[in-house]
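Novice: structure for this input, please:
(chains A, B, C and D)
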4 protein chains.
Amino acid sequence: MKRIGILTSGGDAPGMNAAIRAVTRKAIFEGMEVYGINYGYAGLVAGDIRRLDISDVGDKIQRGGTFLYSARYPEFATEEGQLKGIEQLKKFGIEGLVVIGGDGSYHGALALTKHGFPAIGLPGTIDNDIPGTDFTIGFDTATNTVLEAVDRIRDTATSHVRTFIIEVMGRDAGDIALWAGVAGGADDIIIPEHNFDMKVVAGKIQEGRDRGKKHCLIILAEGVMGGNEFAEKLREYGNYHARVTVLGHVVRGGSPTARDRVLASKFGWRAVELLKEGKGGLCIGILDNKIVAADIVDTLENKKHRPDLELYRLNNEISL
Amino acid sequence: MKRIGILTSGGDAPGMNAAIRAVTRKAIFEGMEVYGINYGYAGLVAGDIRRLDISDVGDKIQRGGTFLYSARYPEFATEEGQLKGIEQLKKFGIEGLVVIGGDGSYHGALALTKHGFPAIGLPGTIDNDIPGTDFTIGFDTATNTVLEAVDRIRDTATSHVRTFIIEVMGRDAGDIALWAGVAGGADDIIIPEHNFDMKVVAGKIQEGRDRGKKHCLIILAEGVMGGNEFAEKLREYGNYHARVTVLGHVVRGGSPTARDRVLASKFGWRAVELLKEGKGGLCIGILDNKIVAADIVDTLENKKHRPDLELYRLNNEISL
Amino acid sequence: MKRIGILTSGGDAPGMNAAIRAVTRKAIFEGMEVYGINYGYAGLVAGDIRRLDISDVGDKIQRGGTFLYSARYPEFATEEGQLKGIEQLKKFGIEGLVVIGGDGSYHGALALTKHGFPAIGLPGTIDNDIPGTDFTIGFDTATNTVLEAVDRIRDTATSHVRTFIIEVMGRDAGDIALWAGVAGGADDIIIPEHNFDMKVVAGKIQEGRDRGKKHCLIILAEGVMGGNEFAEKLREYGNYHARVTVLGHVVRGGSPTARDRVLASKFGWRAVELLKEGKGGLCIGILDNKIVAADIVDTLENKKHRPDLELYRLNNEISL
Amino acid sequence: MKRIGILTSGGDAPGMNAAIRAVTRKAIFEGMEVYGINYGYAGLVAGDIRRLDISDVGDKIQRGGTFLYSARYPEFATEEGQLKGIEQLKKFGIEGLVVIGGDGSYHGALALTKHGFPAIGLPGTIDNDIPGTDFTIGFDTATNTVLEAVDRIRDTATSHVRTFIIEVMGRDAGDIALWAGVAGGADDIIIPEHNFDMKVVAGKIQEGRDRGKKHCLIILAEGVMGGNEFAEKLREYGNYHARVTVLGHVVRGGSPTARDRVLASKFGWRAVELLKEGKGGLCIGILDNKIVAADIVDTLENKKHRPDLELYRLNNEISL
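Specialist: Numbering: from 1, shown residues only, chains lettered A, B, ... in the order given. This is a model prediction of the structure:
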């Protein structure tokens, strides 16, 4: 393979730039040319494509977001869109594609693969909800950003002896809530992957109060319900007035952590190794602390991401 | 004066602990005793009072919140509450009181003063809306916390070429919005102290788009209206779909900045200097970079905090 | 087992408090009592021991350092010291011990084990150089702290078009240098576990200059040589004047990252699970993303920590 | 004036980019053209000059360092260098110049002024040692960066019950030491502007120990002596073994604080206001919280920066 393309798609995640840098530099190291595609699949179809040089990815590793931009583009779910995309890739002489993004991005890569165009997916999303990997690019940074907020809110909760409900991102996945909850010393963590009983939540708050505990923090994944709804239901169980904080887009950006930058670099490096050997139709991940590549069709159709539910049990036992 | 008391009241603000530390250490340095009153005026009336030693305030200067806790206590607006408070102060032999907090806290200090008990107010609130001072304890930290969020959101806004409305605290005061807006390179800053024309806001977004600008950030003080309401009104002026982020309690806590710790230390130090001389009925502030003390009655009745509106004009000219 | 003890030993590492909290809370959850031993083995021998309650470990998870204090105590290498320690443990009715620390701490735990006292070691050191685990408590935080410094230095290096040598901790282990180097986009990483050729280093600087690169960052593990010595040797190969920055104790402390807090919580939780079953003579670790427990004698005598040298190769290929 | 130039000179300081942005945008708002000069006076003499547009300064306000680069250029102290510089300015049709930097940069601006070319100096240096202003661009950020380090070192100092000497930047000025010292709760602050007695320092350490204080932090401005020298001298007074940490270049860079960005924006805005009116030969500053402009000749020849020595006295009284 002499020429590869790269795009980012879906919600931006810290570390995407580190991945683009690694792909670009490794490919150039291997004697290939790299083309950056702006605005994800939308830019692919529109032909918004340019050559990337070594210096184009300089001074980027520490930046949040994606300097190739991202965009929603539902039209890529149609065969027409896909074929237009392949046409553009051929026009630019691109023989393989690296796609960095979440679930939707993977489906685009899957479609290209089914059309015979070698594409490789890298998991990039703060939500950590991609099959085939224990961790996604951006999850570590987002978790730490949520954690900083939890630490700050603890100051206020303690000063005023209050209960706070902190709603965090995670429509289908409780990973951010679980990790930030355990790390933040949350009294309770409410996630989509596990039932909860509001009566037990209320009982725990009461126990804490009886023991003289100064604050109570509940981390709630948005996929379960909204923070205000939760607070309202909680009040049905007694005098448990809780403040609600919603951590939304504010946790998407920011300079990536060491772990996200290293993970993104490894993912990007491996993707080029595989393309160099002519391999496509794969998605990269980290499983059991090893970088792996799996069939993208099989992964999307048969695998499912599961959060580390041991953390749930652990938190119940140590957040007395 | 041989024995003074100290309490924090109203919303917690980073730097309150630094002020408590300075008051305590300076008073002990001057040969006085210091009593900490828990939970603000509520604890005062209830007699939740304890002696503070040098080491009680050790390892506290870097902590957010207030280790003396705070609480709402509307009952202190009544004469009955005030007299009960004075009774407790006398019971503990306390001859002067330092109150750290916002508007409500000052009114409590004013009431004590009118009853003949020497009280000194220190401005402590993230909102910067206290008369008699250019800056309050906590404002600098909160502004920097908001700014970090703005910087992060810029990553996402740029990556997706989007407009964001960032609602920040400030019911009556636009200070946080103004400072974080100028520092964050906001396209527009909407504050209670200045009119705005939604048509002009929309025009500015359009100009930016026409010029190829990748993001648009609007900082909105909550006192003007809610972020979602603003976004809805904006849409009436064209295809200006904007995401909304509400920065609420998440910006109250956190380790104070250098400036807030220094300011708090100076305020606390000066308060004790004044009490040492038997002076009360005052509020401390910083005006024109000088620590000052003014009559608390006169300040509350005749002065008004004004934000630095030059920042508003400046931002309009450099946020092209 | 009804009563366990816990101590921290060696250099402090962020996350130690999270581990103490997890051990304490999990043990209380299991119906045991927990005794905290101050100042490591020194305090053990001196009997500086106190009961820990649920609230003693509250509001500690976010704190750097160790609230049980640490101290060097070479006397514990002698049998006399060890027997005195066991005597104290027995006096307090303590039946099992959790030791958090580095290499030296493990040898203390090994000695106790050989004397028949059940001890369990948790790897806690920023250096990541403990056998039997891929990651130690504190490594992730220290790496991110180093990375922040690298990011800051890049600003200055770029502004002045300069070469910087950044000496980081790591007497025998290059892990911090490797991770912070890859994450920081270092041009070169010099570690004890891999040879280097100063001529190649100089050649790389020259290539960067020829290409118009604005900065050059070299991350150097202290175990190889000092930064100033390195700079001097580099100058023998041409006009390569480099600034030197030594990151010393400044990277030890600080609030732990999410990952360090979660890791510490899991380690602590597991240690109590094992002691509950009467097991001792073990060290906890994370291998291939799984929490494991191994024989402490075998681990110390036969295992060796190896850094992830794939990062070395990767960096050489993408730091063009 | 229709066309102005801008350069940064001397050590980089966080906020320089915010100042360049403000100058550029305000000038364009006023209908002028702006030319950026790379590498300070060296680039001026070499003619490394380019037009700056609105978008050239976009996404720069949050960046540390200076995107116009900086360089030492002693040749500009000669009349020959100065005349060459003016020649280049005339060649590009530049009628006024804004110089951002420290002492040396001001002398360059002064020389141009004496040759009849209107130049305006903006104080940009982390050291805060420029006459005519209470605060320089970069000082607030550097102080907070030092403070973060002090907070981290406190964790280690407390965990190990140790004394630390923290050497900070400041050859002639103790401002960083003073502010970071007061904010960091330092036991002692040693600055060039105030005598100190090592016996008193040792006595204070002893007092703290006697009282059971867990740590001792001494902040030392490099201008007094080196940290290791200080530690050695301290040991002559008893068993006061202290660890030394040198905070060097690591505190220069980084994203500027809100205050530095606002200050830089105000300075830049004002500089253009003055050039617009044809005024030159001035330096901008903030005195008593007001933006001022003073004669650069008079300022450099007759004024001297003085740190806030009240902080010194305050710290002695509250760092018991």
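Novice: for the rest of this, base every contact and every neighbour count on C-alpha atoms.
Specialist: Noted.
Novice: mind listing the helices for the stretch 151-300 of chain A?
Specialist: Counting by DSSP state H, counting those that start in this stretch, the stretch 151-300 of chain A has helices at residues A:175-183, A:198-210, A:227-235, A:258-276, A:296-302.
Novice: quick one, which of those gets closest to chain B.
Specialist: Closest approach to chain B among these (CA to the nearest CA): helix A:227-235, 13.3 Å.
Novice: in that closest one, what's buried?
Specialist: A:227, A:228, A:230, A:231, A:234 (16 or more other CA atoms under 10 Å in any protein chain shown).
Novice: rewinding a little: among the helices of the stretch 151-300 of chain A, which comes closest to chain D?
Specialist: For chain D, the closest of the helices of the stretch 151-300 of chain A is helix A:258-276, at 16.5 Å, according to CA to the nearest CA.
Novice: and the closest one, C-alpha only, in CSV?
Specialist: Output for helix A:258-276, consisting of C-alpha atoms alone and laid out as CSV, is shown next (Å, rounded to 0.1, in the frame of the first residue of the first chain):
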residue,chain,number,x,y,z
ALA,A,258,-0.7,10.5,29.2
ARG,A,259,-2.7,7.3,29.0
ASP,A,260,-4.9,8.5,26.2
ARG,A,261,-2.0,9.8,24.2
VAL,A,262,0.0,6.6,24.6
LEU,A,263,-3.0,4.4,23.8
ALA,A,264,-3.8,6.6,20.7
SER,A,265,-0.2,6.4,19.5
LYS,A,266,-0.2,2.6,19.9
PHE,A,267,-3.5,2.2,18.1
GLY,A,268,-2.4,4.4,15.2
TRP,A,269,1.0,2.7,14.9
ARG,A,270,-0.6,-0.7,14.8
ALA,A,271,-3.2,0.3,12.2
VAL,A,272,-0.4,1.3,9.8
GLU,A,273,1.5,-1.9,10.5
LEU,A,274,-1.6,-3.8,9.4
LEU,A,275,-2.3,-1.6,6.3
LYS,A,276,1.3,-2.0,5.3
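Novice: tell me, how many residues neighbour residue A:208?
Specialist: Neighbour count for residue A:208, taken as other CA atoms under 10 Å in any protein chain shown: 16.
Novice: how about the contacts made by it?
Specialist: Taking CA atoms under 8 Å, 6 or more residues apart in numbering or on different chains as the criterion, residue A:208 is in contact with A:216, A:320.
Novice: next: the one 10 residues further on.
Specialist: Contact analysis of residue A:218 by CA under 8 Å, 6+ apart lists A:163, A:164, A:165, A:166, A:181, A:186, A:187, A:188, A:189, A:190.
Novice: let's go with 6 Å and repeat that
Specialist: Residue A:218 sits next to A:165, A:186, A:187, A:188, A:189 when contact means CA atoms under 6 Å, 6 or more residues apart in numbering or on different chains.
Novice: what pLDDT does the residue in chain A sticking out farthest from the centre get?
Specialist: Residue distances from the centre of chain A (CA atoms, centre = their mean) peak at residue A:210, which lies 38.9 Å from the mean C-alpha position. In the predicted model, residue A:210 carries a pLDDT score of 92.
Novice: quick revisit: can you tell me which of the helices of the stretch 151-300 of chain A is most buried?
Specialist: Of all the helices of the stretch 151-300 of chain A, helix A:175-183 carries the top mean neighbour count, a mean of 29, counting by mean count of other CA atoms under 10 Å in any protein chain shown.
Novice: ok, which residues in chain A are in contact with chain B?
Specialist: Counting by CA under 6 Å from any CA of the partner chain, the positions of chain A adjacent to chain B are A:64-66, A:69-71, A:149, A:152-153, A:155-156, A:159-160, A:250, A:253-254.
Novice: pull up the gap between residue A:220 and chain C, please.
Specialist: The span separating residue A:220 from chain C equals 17 Å under the rule CA to the nearest CA, to the nearest Å.
Novice: pull the number of nearby residues for that residue.
Specialist: Burial measure for residue A:220: 28 neighbouring residues, criterion other CA under 10 Å.
Novice: so it touches residue A:164, yeah?
Specialist: No. The pair residue A:220 / residue A:164 is not scored as a contact, 10.3 Å apart, by CA atoms under 6 Å.
Novice: burial check on residue A:83, number of neighbours?
Specialist: Counted with other CA under 10 Å, the neighbours of residue A:83 add up to 16.
Novice: which residues does residue A:159 contact?
Specialist: Taking CA under 6 Å, 6+ apart as the test, what residue A:159 contacts is B:65, B:66, B:69, B:70.
Novice: also within reach of chain A: list those from these.
Specialist: Of the entries in the contacts of residue A:159, those that also sit close to chain A under the rule CA under 6 Å from any CA are B:65, B:66, B:69, B:70.
Novice: show me which of the residues you listed is closest to chain C.
Specialist: Proximity to chain C was ranked across the ones next to chain A among the contacts of residue A:159 by CA to the nearest CA; first place goes to residue B:65, at 12.7 Å.
Novice: about what we covered before: ranking by neighbours, what's the top pick from the contacts of residue A:159?
Specialist: Neighbour counts for those were taken using other CA under 10 Å; the highest belongs to residue B:65, which has 32 neighbours.
Novice: how about the nearest residue to that residue, chain neighbours excluded?
Specialist: Spatially, and ignoring its direct neighbours in sequence, residue B:65 is nearest to residue A:155 (4.8 Å; CA to CA, 6 or more residues apart in numbering or on different chains).
Novice: okay, now the one you found: neighbour count?
Specialist: Using other CA under 10 Å, the number of residues around residue A:155 comes to 27.
Novice: do the same with residue A:36
Specialist: 26.
Novice: shouldn't it be within a strand?
Specialist: Yes. Following the definition DSSP: H, G, I helix; E, B strand; the rest coil, residue A:36 is counted among the residues of a strand.
Novice: got a list of what it touches?
Specialist: Taking CA under 6 Å, 6+ apart, one finds A:5, A:6, A:49, A:50, A:52 in contact with residue A:36.
Novice: distance of the nearest residue to residue A:37 once chain neighbours are set aside from residue A:89?
Specialist: In this structure, residue A:37 finds its nearest non-sequential neighbour in residue A:49, 4.5 Å apart by CA to CA, 6+ apart. Distance, residue A:49 to residue A:89, using CA to CA, to the nearest Å: 9 Å.
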